[in-house]
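Trainee: Sequence first, then the predicted structure, then my questions.
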Amino acid sequence: MTIPVAFSQEENADIRRGVREYKAENFQEAELNFRKALEANPQSEKALYNLANALYKQERYEEAANILEGLVNKELPESKKADAYHNLGNANVGAQQIQEGIEAYKNALRLRPDDNDTRHNLAYAQKLLQEQEQQQQQEGDDEQDDQQQDEQQEQQPGEQDEDEQQEERPRPDQISPEDAERILDALNQQEREIQEKIDREEKQRRPLQPERQW
């Protein structure tokens, strides 16, 4: 009987150290301590849950989601299962698995309907999904337009006189290499600005209400 008690004490000590490191925002150290606790007790729900939080903070969203997927299938008190679903939703959204995040938030709300944080995150994820679908629709429309333009160009025969085929005449609207370089630079600058805007929006695109702790 002494061995399980020793393991339990070791497990709890590692979890406490992990929580201290987590609160100090030393998330890698927190991860190491939670993993030590799991060496003492691989079934420790608290160690698994806190490990998932530490991984989430390191933006290792898929790893966190995998752990939480296992936890929500365990026999947990409703409040803890709601927390696990809430955090699973955050991890899924972080991994760009928006639909899965929405389902996790819904499951959390089924267990705890008055949770305003989860409701906020659900609305946010639904907005992300709508934007994602609109972007995919726009990309599909653009691709279809490009195909139609290509088909129209192929249908127009390029008839040329033999004299025109033998002699390439410079078109008056041809641009100089210098102008072409300037246009290319302008396009590259525009692309960089667009990418920077996307990056800024992506950083602002994570106002999820924070993960829950046990």
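Mentor: Alright, I've got the coordinates.

Trainee: separation between Q144 and D185?
Mentor: 31 Å (Cβ to Cβ, to the nearest Å). C-beta here means a position set from N, CA and C on the backbone, and glycine is covered the same way.

Trainee: let me redo that: G140
Mentor: In terms of Cβ to Cβ, G140 sits 31 Å off from D185.

Trainee: Now the lengthiest helix in the chain: buried residues?
Mentor: Of all the elements of type helix in the chain, the one with the most residues (DSSP state H) is helix 116-155. For helix 116-155, the neighbour count (16 or more other Cβ atoms under 10 Å) marks 118-119, 121-122, 124-125, 128 as buried.

Trainee: Just put these in a markdown table and tack on distance to G18 and pLDDT.
Mentor: Formatted as a markdown table, the buried residues of helix 116-155 follow (distance: Cβ to Cβ, whole Å; pLDDT from 0 to 100):
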| residue | distance to G18 | pLDDT |
| --- | --- | --- |
| T118 | 25 | 96 |
| R119 | 30 | 95 |
| N121 | 25 | 96 |
| L122 | 29 | 96 |
| Y124 | 29 | 95 |
| A125 | 28 | 95 |
| L128 | 31 | 93 |
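
Trainee: Between those, which sits nearest A47?
Mentor: Nearest to A47 among these: T118, at 23.6 Å, using Cβ to Cβ.

Trainee: quick one: that closest one and R110 touch, right?
Mentor: No - between T118 and R110 there is no contact under Cβ atoms under 8 Å: 10.3 Å.

Trainee: Would you map the helices across the chain?
Mentor: Counting by DSSP H, the helices of the chain are 2-23, 27-40, 45-57, 61-72, 78-94, 98-111, 116-155, 162-166, 177-204.

Trainee: list the contacts for the closest residue to Y49 other than its chain neighbours?
Mentor: The shortest distance from Y49 to any residue other than its chain neighbours is 5.4 Å, reached at W214 (Cβ to Cβ, 6 or more residues apart in numbering). Applying Cβ atoms under 8 Å, 6 or more residues apart in numbering to W214 gives the contacts 46, 49-50, 80, 83.

Trainee: I am finished for the moment; much appreciated.
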